[in-house]
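Student: can't give you the sequence, but here's the structure:
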């Protein structure tokens, strides 16, 4: 009985289904790029201090 109720709740074939996958992928890519930029900028600005702290 559950299968028939689930089938009835599905939208008709003509109705566009909402697909959030591209939006989710886009958000993840933007967040990763921002994190990478922050790490690179931090290394660029504080690189000498980091190398002295490590002892390199």
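Tutor: Cool, the structure landed. In this text, all values refer to a predicted model and were calculated from it rather than measured experimentally.
Student: how much space between residue 26 and residue 20?
Tutor: Distance, residue 26 to residue 20, using CB to CB, to the nearest Å: 10 Å. C-beta coordinates here come from the backbone N, C-alpha and C atoms, glycine included.
Student: residue 38 too?
Tutor: Counting by CB to CB, the gap from residue 38 to residue 20 is 26 Å.
Student: okay, residue 32 and residue 40: tell me how far apart.
Tutor: The value you get for residue 32 to residue 40, if CB to CB is used, is 13 Å.
Student: likewise for residue 29?
Tutor: The value you get for residue 29 to residue 40, if CB to CB is used, is 16 Å.
Student: immediately after the lowest-mean-pLDDT helix or strand in the chain, which helix or strand?
Tutor: Every helix and strand of the chain was ranked by mean pLDDT, DSSP states H and E. The lowest is helix 2-9, at a mean of 57. Downstream of helix 2-9, the first helix or strand assigned by DSSP states H and E is helix 21-54.
Student: what's the offset of that next one from the middle of its chain?
Tutor: 14 Å (CA atoms, centre = their mean, to the nearest Å).
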